[in-house]
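Asker: With the input below, show me the fold.
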Amino acid sequence: MRNLIGAAVLAVMGGPVMAALLCDDLGFAGLLAKCNRGETIKVLLASGQPLGQDVQLQSGAYYKMEITADGSAELAVEGSSFFRAIWMNEIVINSIEIRPMAIDSIEFDKAGVAELSFVAIKPGSHTLRIPGSTGESQSITLSIQ
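Answerer: Residues are numbered from 1 along each chain as shown. Alright, predicted model coming up:
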């Protein structure tokens, strides 16, 4: 009985802090509800250009990431720690919807757009980068709180 009370006190006082959702009434759509959507994240794949801005995400919120390649070079974007910290709803390429279990990277051989929709889950700081690059502008940090 003492262990049960101690566990309850620890859970209330010392448990992990849960991030608040963006809206109170999620309704039928649940986490994918319109009121629970964050801003669209824009990523640009272009030779010699910055990948984008660092982003802060809310755990439990729904986001879209638009990755645009300008075709100036064959480029990819990787971020296994980020892709494992989210629940991927779908990836849309040329109006084709893909619902993957997991991804490690996305590569563009020519110009195009890929739109990822996901729910941020695991708090932490994650990097999305062009493979093999070392420049600061060739990566973005996505922090999930």
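
Asker: Can you list the neighbours in contact with stretch 38-49?
Answerer: 22, 50-52, 55, 57-58, 61-70, 72-73, 75-77, 108, 120, 128, 130, 137, 140, 142 (Cβ atoms under 8 Å, 6 or more residues apart in numbering). Quick note: C-beta positions are derived from backbone N, CA and C, even for glycine.

Asker: Just the buried residues of those residues.
Answerer: Buried members of these, scored by 16 or more other Cβ atoms under 10 Å, are 22, 51-52, 55, 57-58, 61-65, 67-69, 75-77, 108, 120, 128, 130, 140, 142.

Asker: Which strand or helix spans the closest residue to Gln53 other than its chain neighbours?
Answerer: Once flanking residues are discounted, Gln53 sits nearest to Ile140: 6.6 Å by Cβ to Cβ, 6 or more residues apart in numbering. Per DSSP states H and E, Ile140 falls inside strand 139-144.

Asker: Tell me the helices and strands packed up against that strand.
Answerer: Judged by 3 or more Cβ pairs under 8 Å, 6 or more residues apart in numbering; DSSP states H and E, strand 139-144 is in contact with strand 55-57, strand 124-129.
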